[in-house]
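Asks: dropping a prediction and its sequence here:
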Amino acid sequence: MITLAVNSERLEAALALAARRLANTRPLVAKLGKTLEVRLRAHFLERDREGNRRGWPRKHFWNREVRQNTALVAVSESTAVVAVASPAFAHKLEGGTLRPKRGRALAIPLTAEAYAKGSPREWDPADRALLFRPKGTRILAVPKPGGDGFEPMFALEGAVTQEKDPRALPDRTAMADELGAVAEAHVARQVEGLQA
Amino acid sequence: MAEQLVSPLPEAVRRLASKTPVATRLRTAEWEQLPVAVRERALWSAGVESVRFLVAMQDKLGKRLALEQEAGTEGRTAYVDRGSFIADARSVAVAEGIGTGKGGLTDVQSRTRLGLIYDFQTRQAAEFARWRMGADPDVLDAYPAQELVREEEREAPRDWAARWAAAGGRFFEGRMIALKPDPIWTRISRFGTPFPPYDFGSGMGIQDVSREEAEELGAVAPGQRVEGPDAGFGDRLEASVAELPEQARGEFKRVFGDRVSVAGDSLAWVGEKGTLIGELWDRTLADPGVDAVVSLGPPRPPVLERIRAVIGAGRDTEGIVDTVSSKDLNHIRNTHAEGRETNPANLPMTREDLVRIPLLLDKPDDVLPGNHPATVRLVRRFLDGTVYYVEAYVTPKTSWPSGMRKAPPELRTKNAWKTRPEGPHLYVRNGDQKNRSTGAKESQR
């Protein structure tokens, strides 16, 4: 489980002010939590629209795996929790070495077709029956049409290291400042309402 | 303060876990005819009659949503992802002998079909979790509206603006925006749910709209308090099952018990109240001398309003609850059951008919005066044309022996019967001349 606090001086100051001025802070915390969810989902959608770096068929990782699994899940007087229910996102966030968990090797797609069809285990049986490992290689390939040679589909690797993605999240200081502005506006409106 | 976690969405996990696998050969179009209440509680896949496959599917999807790891090779553990779901579900399908292995959407072994199941189920569960949290009063006040937006491009996109307009949706500066509880969300949905996905393979989704923006656009009035969405999705609770095979009818009864009532050509979702009546009926049948009363909770406010209008101000209905007693069930059986019913306009009452009494109490078409003072007659026509009647008596408040408290009044079901679909003049609607409702009165025992 990964926990990231979203804080900035502005947000802290706004919350301290809210604690002093508001009898009930839950509506504010709920608003901040939801705003964080909205902000994150907007960021993930932007990432999704960048498309696939290699120009391969889109799988919409950022929308389907990350954005659609992002939600505000709890609100109290002092804390809002936004969860991203995606282990794959955690890996993007932190980076690290991937090792095979369900087989002896990781199958890294080498072609758009292989990428689109997913891991070899996902392939429909008729397609999968064509996959073979040419002798002396660390690839999975399919025979070329006409039976002359083969076309590499996957590279077989014992481990793959991925760098962390620095843009997995929006800029956290900017995000916290944005939340601080929301909190300031909320407190101002509430105080104004009380004085009216 | 506000924080983000890589952790499960608990409501999504609970939603999937609460579903019951229903194995029938029904195709998607047939499932779509059923009440949303039934579909929402069922885990199914078109044409799949293997419970084992559905259970395995639910288990894998549940692990994915809960972010639980499962055993991999060489003592390692792994999260469930789309690929492992497809591979493992296919193995079960092959072992169960379902699917053709030929590929395509109709083949339950295919990557296309299994991928669709994974995408649909995981997305619907996650969107449900967001929808539930969005109904929290503080969250709803901060973000009272949402916008229908395109999330992913499609080669042949559907005309959602036309669909939105046809469903009665309004446009704000060209944007498809509505308050979260607005029924537009279930109207545009092929699945009858207010949250996405709204159709198979759809690239559409929703984006929250803040109070400030919604007020600026005129989607909500300044300071307007927005009530939470209907947890029942404004569901119709009944479906015609004239085309439903016997096997499927039996499967629904097996899975949902008396929470559904299948009578004639209609299937109705009754919920837990149906179970209470079913149990009371069984007890009464086993021992006709049993003296028991079950409470079905307070009447729905709009129904109570109509009851008050019928019986007048003479009865105090504060704290009233719907009740059914074993004695009254005995009476119904003795007068309207098979072999006892003597009115040719009526059909014999069965257990399945009695189980749907709560539907008449909760959602009657009409509330008419009964034959006696302080009685009302609740009437509902079901989709197969059969008209059901419940005659109920509003009991007065009674003092407890101590004299300190009063028992709440009851809307006590005294009698129930049903008339044939083709029966003439079965009942008249409120506002018509009462003396024209001869058919209804004649059909009463």
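Replies: Thanks, I have the structure now.

Asks: beyond the least confident helix or strand in chain A by mean pLDDT, next helix or strand please.
Replies: Ranked by mean pLDDT, DSSP states H and E, the helix or strand of chain A with the weakest confidence is strand A:3-5, at a mean of 70. For strand A:3-5, the following helix or strand on the C-terminal side (DSSP states H and E) is helix A:9-21.

Asks: what's next to that next one, contact-wise?
Replies: Contact with helix A:9-21 is made by A:25, A:28, A:176-177, A:179-181, A:183-184, A:186-187, A:190-191, B:1, as judged by C-beta atoms under 8 Å, 6 or more residues apart in numbering or on different chains. All C-beta spots, glycine's among them, are computed from the backbone N, C-alpha and C.

Asks: from those, list just the buried residues.
Replies: The neighbour-count criterion (16 or more other C-beta atoms under 10 Å in any protein chain shown) marks A:25, A:28, A:176-177, A:179-180, A:183-184, A:186-187, A:190, B:1 among the contacts of helix A:9-21 as buried.

Asks: show me where chain B dips below the pLDDT cut-off.
Replies: The model of chain B has pLDDT under 70 over residues B:1-5, B:234-236, B:399-406, B:422-445.

Asks: make that chain A, sorry
Replies: For chain A, the stretches with pLDDT under 70 are A:1-3, A:193-196.

Asks: now with 90?
Replies: Applying pLDDT under 90 to chain A flags the ranges A:1-23, A:51-53, A:78, A:102-104, A:145-148, A:172-173, A:188-196.

Asks: B:Thr413 against B:Asp328, yeah?
Replies: Yes - if you go by C-beta atoms under 8 Å, B:Thr413 and B:Asp328 touch, sitting 5.8 Å apart.

Asks: quick revisit: just the contacts of helix A:9-21: which are in strands?
Replies: Taking DSSP state E, every one of the contacts of helix A:9-21 sits outside strands.

Asks: greatest separation within these: which pair is it?
Replies: Spanning the widest gap among the contacts of helix A:9-21 are A:Ala176 and A:Val191, at 22.2 Å by C-beta to C-beta.

Asks: buried sites along the longest strand seen in chain A?
Replies: Longest strand in chain A by number of residues (criterion: DSSP E): strand A:150-157. Residues of strand A:150-157 classed as buried: A:150, A:153-156 (neighbour count, 16+ other C-beta under 10 Å).

Asks: for the strand ranked longest in chain B, which strands pair with it and how are they oriented?
Replies: Counting residues, the longest strand in chain B under DSSP E turns out to be strand B:410-419. Under the criterion DSSP bridges, strand B:410-419 sits next to strand B:321-325 (parallel), strand B:346-347 (antiparallel), strand B:387-394 (antiparallel) in its sheet.

Asks: residues contacting the one residue in the stretch 201-350 of chain B that gets nearest to chain A?
Replies: In the stretch 201-350 of chain B, the residue that lies nearest chain A is B:Asp208 (5.2 Å; C-beta to the nearest C-beta). By C-beta under 8 Å, 6+ apart, the contact list for B:Asp208 reads A:34, A:37-38, B:134, B:143, B:145-146.

Asks: please tell me which one of the residues you listed counts the most neighbours.
Replies: Neighbour counts for those, by other C-beta atoms under 10 Å in any protein chain shown, peak at A:Lys34, which reaches 28 neighbours.

Asks: for that residue, what are its contacts?
Replies: Neighbours of A:Lys34 in contact, by C-beta under 8 Å, 6+ apart: A:72, A:80, B:134, B:139, B:142-143, B:208.

Asks: let me know how buried B:Met133 is, in neighbour terms.
Replies: Residues near B:Met133, counting by other C-beta under 10 Å: 23.

Asks: can you redo the contacts of B:Asp208 as a markdown table with distance to B:Phe85?
Replies: A markdown table is the format used below for the contacts of B:Asp208 (distance: C-beta to C-beta, whole Å):
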| residue | distance to B:Phe85 |
| --- | --- |
| A:Lys34 | 30 |
| A:Glu37 | 26 |
| A:Val38 | 29 |
| B:Gly134 | 27 |
| B:Tyr143 | 32 |
| B:Ala145 | 35 |
| B:Gln146 | 29 |
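
Asks: so which of the residues you listed is the closest to B:Leu267?
Replies: Among the contacts of B:Asp208, and counting by C-beta to C-beta, the member closest to B:Leu267 is B:Gly134, at 30.8 Å.
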